[in-house]
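[1] Based on what follows, work out the 3D shape:
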Amino acid sequence: MASLNPSSTGGASSLLDSFSQKLDTIRPTGVLVQMGAMAGGAIGAFALFACLRPLNPYIFQPRVKYSESEKRPPPIGSGIFGWVQPMFRVSEAELMRSIGLDAVAYLRFLRMCIHIFICLTALGFASLVPSNYVYNLKHKVDRQQGDVSFFSNMTLQDVRGPWLWLHTSLAYIFTFVIFFFIWRNYAKFSALKRAWFLSNEYQLSLATRTVLITDIPKSYRTDKTITFHLSHLDLPARPVAVHVGHSAGQLPKLIAEHDNAVRDLESTITTYTKRPDKLPEERPTVRIGHPRNEKLNKLSNWGGKRVDAIDHLTEKIKALEQQISQSERMRVEERKCESYAFAIFKCSADAHAVAKALERQPKDTKCHFQLAPTSQDIIWENIKLGRVGRAAHRLSATILFLGFCFLAMFPVFLVSLLSNIVSLSAFVPFIRTWSINYKPLMEAFVGVIPPMISVLFQAAVPSVLRQIAARQGNFSKTQSDRAVTARYDAFLLFNQFFIFSVTGVFVSIAALVVVQIKGIRADGQKAQSIGDIITSLPDQVYSTFVRQSSYWLTILPLRGFTAMLDLSKAKSLAGIWTKDRLVGRTPREIRDARRPLDFEYDVYYPNHLLLFTVAIVYAPISPMVTLFSFVVFCVSWIVFKFQLLYAFVTREETGGREWRVVINRVLFSTIIMQIILFLTIGLKIGWPQAVAIIPMILSVFVFKFVLSRRFDQRIHWFIPNREELAEVNLHEGEATIYQLEARFHHPSMDVNVLRPMLHRSVEPLLPTM
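    The predicted structure is shown next:
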């Protein structure tokens, strides 16, 4: 808007400057309101954690009790700050032993972001902020004092001309700072991965020396045939045992139905006997025999008939136990052979060498080979799918994901409109009156409500994406988690960043055009003045994009608050208290609530990658965003280091399989920053000058190529050198044991059904029930 002033366009520009001033003052004040509210909430959450942690060790630090002795975290005192010293003193080697490489890689990613943003913040505030501020003060021609807010003076919004070469130079420095910390952490992660490969836990695991074979033709589905087939391939090692998978039949379904019935019975009895001294006059009932679908019995109130719930569930459990017992009697040899098999080698190095060799094997081998997941990680329903079946599942999952992304644009539109509600005052008289007469309320609304809606909506997205990933046909649960990570990250980048930015720019530009046209009409100018409006649109688009940094300055404090809220366990404690008071908890629920929860890497990685993208994009534009991001990443590192050390566990250790994906996203975010700076230089100086940004963009691709060539093979494959080979465990003499006892098979074949667990106070009442 610096190109327009009252002297050139009269009343139109005067009205435009007045509207722009409203935009530049409402949003920064909203940032201050949000920052104060979230800082207060974070302090309150931390106080709750500090006071309740010593009184509830099972809730705040369950790993102290439930971890194995060699993985138990360092003990912490009962004082309010007794957790600080042990947590900060623990070394990375101790973390590797206690929480595993997946968790260490996540913490290293957070620490890398802290290092990047402290450097970018220091550089930005040492050079860009003074330069932007001096320029804006120097070029306040014919403007009233206070026309531009303090926040706007620190941004690139109105800077133009040769002053922008400083931002270009700093962008090069920013890029090389990112390269430096990525290389440093990549090298350290590579060393950690090699140490993990050589650890006893990895070397002694059956899965690490096993290759999974899928898409086996029907004529090959015997142990001898697969062994014969492998012997005719040019492999660097031979398997010591081969086992073709066998169908579990209806056993998995029966066990799942049985366990659900047991939980229902426990819940029904616990609710019925909540007051053992005064039982309800009416016993609990359940409706059965729904005419369409028995799954609707609990949801509908029509059809079928009502029966006593306790008697019905007891009889159902007995009947299912009989069916399970009959299915269990089938010998393995009597079960149908499936299209997958497991080849076990004498050491993990041999399994890796074979999997790597078969990765590029010609298609005439007919089968697909890969390193085997653990038995607990395999999704047994998907592993027997053929190529066509998996392709169909992936296609349907992709269609569902694209459809969900389309539907999810509407909440994003709503958030964008609310965050740009001041712009809507050009169209809606009510909002115009509100922004004038109730300015403090408008400021608080803009600062608090849009980010709250955005975060609440994002909290519901992962569960939907998990349902989509479950239909993708993945072989393992960790593979599904990685699919959720990739899609959630793409969703956040597209919907929460791109669509939000485009919508906000469109609304603001439409409002500015309306204001300008009103000014032209009120001023009695000629219609060709609209051409000036069109000419100024690129400048207005960029200024609007810069103004949107204030929205992210409201999101970042909210992210810091949600991290502290996770630390306080407020949600868990509220849920436990509510259920205890209303219906009561079963002994199984009480026991499970005290166990460590699985850490959701597929949720936390994309959320932090979004924050990284926003911060790196706005680093040359609004250095205040990098400062806020630095603080949020510091808070996140402290919170999640405690959580991973004392409260959460990794469901299935993958050896940091997410690391390369995350680094690729970081480099992609760097390219986005460079492209936006390219557009900035082109719009504000000229497109020939913008060519200076192109080498910086190309440097990212060169860096990625060098990084991959240097580290990726060592990270993905365990091909030991002579020194490492001496530490590899060999298992040549144990082939017979593996063939008979340690075969991979469906977990349901190790039948271990649940038994009802009830409170002791209920036991005397059982004969009467």
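
[2] which residue packs closest to the residue sitting nearest the centre point of the chain, ignoring adjacent ones?
    Centroid check for the chain by CA atoms, centre = their mean gives Val603 as the closest residue, at 2.2 Å. Leaving out its chain neighbours, the residue that sits closest to Val603 by CB to CB, 6 or more residues apart in numbering is Pro462, at 4.9 Å. No exception for glycine: its C-beta is placed from N, CA and C like everyone else's.

[3] Figure out the helix or strand that the one you found lives in.
    Using DSSP states H and E, the element containing Pro462 is helix 439-470.

[4] State the mean pLDDT of that helix.
    Mean pLDDT, computed over helix 439-470, is 82.

[5] One more: stretch 59-77?
    In this model, stretch 59-77 has an average pLDDT of 84.

[6] Partner strands of the longest strand belonging to the chain and their direction?
    If each strand of the chain is counted by residues according to DSSP state E, the longest one is strand 337-344. According to DSSP bridges, strand 337-344 forms sheet pairs with strand 210-214 (antiparallel), strand 241-246 (antiparallel).

[7] Now do the strands in this structure.
    Counting by DSSP E, the segments of the chain that form strands are 210-214, 241-246, 285-288, 305-308, 337-344, 368-371, 597-598, 648-649.

[8] ok, the closest residue to Gly245 other than its chain neighbours - contacts?
    Nearest non-adjacent residue to Gly245, counting by CB to CB, 6+ apart: Glu338, 4.2 Å away. Residues near Glu338 by CB atoms under 8 Å, 6 or more residues apart in numbering: 221, 244-247, 383-384.

[9] redo that, cut-off 6 Å
    Contact analysis of Glu338 by CB atoms under 6 Å, 6 or more residues apart in numbering lists 245, 247, 384.

[10] How many residues are close by the closest residue to Pro623 other than its chain neighbours?
    Spatial nearest neighbour of Pro623, excluding adjacent residues (CB to CB, 6+ apart): Gly124 at 3.0 Å. When neighbours are counted by other CB atoms under 10 Å, Gly124 registers 26.

[11] where does Gly124 land on pLDDT?
    Note on Gly124: pLDDT of 90.

[12] That one reaches Ser622, doesn't it?
    No. Using CB atoms under 6 Å, Gly124 is not in contact with Ser622; the gap is 8.7 Å.

[13] picking up where we left off before, which members of the contacts of Glu338 are classed as buried?
    Buried members of these, scored by 16 or more other CB atoms under 10 Å, are 245, 384.

[14] how about the contacts of Glu338 in TSV, adding distance to Ile694?
    Putting the contacts of Glu338 into TSV (distance: CB to CB, whole Å) gives the following:
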residue	distance to Ile694
Gly245	53
Ser247	58
Lys384	50
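
[15] Just give me the least confident of the contacts of Glu338.
    Among these, Ser247 carries the weakest pLDDT, at 79.

[16] Could you find the closest non-adjacent residue to that residue?
    Nearest in space to Ser247, with sequence neighbours left out and distances taken as CB to CB, 6+ apart, is Lys336 at 4.1 Å.

[17] before we move on, what about Tyr646?
    Gln61 (3.9 Å).

[18] Residues contacting stretch 201-216, please?
    Stretch 201-216 has contacts (CB under 6 Å, 6+ apart) with 196, 339-345, 347-348, 351, 354-355, 367-370, 372, 374, 386-387, 729, 742.

[19] Just the buried ones among these, please.
    For the contacts of stretch 201-216, a neighbour count by 16+ other CB under 10 Å gives the buried set as 196, 339-345, 347-348, 351, 354-355, 367-369, 372, 374.

[20] Quick check: phi and psi on Ala372?
    phi -80, psi 140 (degrees, to the nearest 10).

[21] For Gly36, see how far away it is.
    Distance of Ala372 to Gly36, computed by CB to CB, to the nearest Å: 53 Å.

[22] With Pro236 instead?
    For Pro236 relative to Gly36 (CB to CB), the value is 63 Å.

[23] go on, Lys684?
    Distance, Lys684 to Gly36, using CB to CB: 34 Å.

[24] Between these two, tell me which one has more neighbours.
    Using other CB under 10 Å as the criterion, Lys684 and Gly36 rank with Lys684 on top: 21 against 12.

[25] who's in contact with that one?
    Lys684 makes contact with 160, 164, according to CB under 6 Å, 6+ apart.

[26] which non-adjacent residue is nearest Ile324?
    Computed as CB to CB, 6+ apart, the closest residue to Ile324 that is not its neighbour in sequence is Leu254, at 5.1 Å.

[27] same deal with Gly41?
    Closest residue to Gly41 apart from its sequence neighbours, by CB to CB, 6+ apart: Phe561 at 4.8 Å.

[28] Lys218 too?
    Nearest to Lys218 is Ser339, by CB to CB, 6+ apart, at 7.9 Å.

[29] and the gap between the one you found and Val84?
    Distance from Ser339 to Val84, by CB to CB: 54 Å.

[30] Sort out which residues of stretch 703-716 are buried, please.
    Neighbour-count burial for stretch 703-716, counted by 16+ other CB under 10 Å, picks out 703-704, 707, 711, 715-716.

[31] Which members of these occur in helices, if any?
    703-704, 707, 715-716 (DSSP state H).

[32] Closest to Ala574 out of the residues you listed?
    Closest approach between these and Ala574, by CB to CB: Ile715, at 41.7 Å.

[33] Now do the contacts for the closest one.
    Shown in contact with Ile715 (CB under 6 Å, 6+ apart): 190, 193.

[34] Please report the distance of it from Ala103.
    17 Å.

[35] and what of Val455?
    Distance of Val455 to Ala103, computed by CB to CB: 24 Å.

[36] Which one's more surrounded, the two?
    Counting neighbours by other CB under 10 Å for Val455 and for Ala103 shows that Ala103 has the greater number, 24 against 16.

[37] nearest spatial neighbour of that one, skipping sequence neighbours?
    Leu644 (4.5 Å).

[38] so where do the helices sit in the stretch 401-550 of the chain?
    Listed in chain order, the helices of the stretch 401-550 of the chain (DSSP state H, counting those that start in this stretch) span 429-437, 439-470, 477-491, 500-523, 529-547, 549-568.

[39] I misspoke; the intended subject was the stretch 651-769 of the chain.
    659-684, 687-690, 694-707, 713-716, 722-725, 735-740.

[40] Centre of the chain to the third one, how far?
    Think helix 694-707. Chain-centre distance of helix 694-707: 27 Å, with CA atoms, centre = their mean, to the nearest Å.

[41] Which residues are in contact with Ala483?
    Ala483 makes contact with 469, 472 under the criterion CB under 6 Å, 6+ apart.

[42] Show me what the helix holding Pro462 is packed against.
    Counting contacts by 3 or more CB pairs under 6 Å, 6 or more residues apart in numbering; DSSP states H and E, helix 439-470 packs against helix 6-52, helix 387-419, helix 477-491, helix 549-568.

[43] and stretch 586-597, which residues are buried?
    By neighbour count on 16+ other CB under 10 Å, the buried set for stretch 586-597 is 586, 588-589, 593, 596.

[44] Revised request: answer the last question for stretch 272-286.
    Residues 272-274, 286 are the ones in stretch 272-286 that count as buried (16+ other CB under 10 Å).
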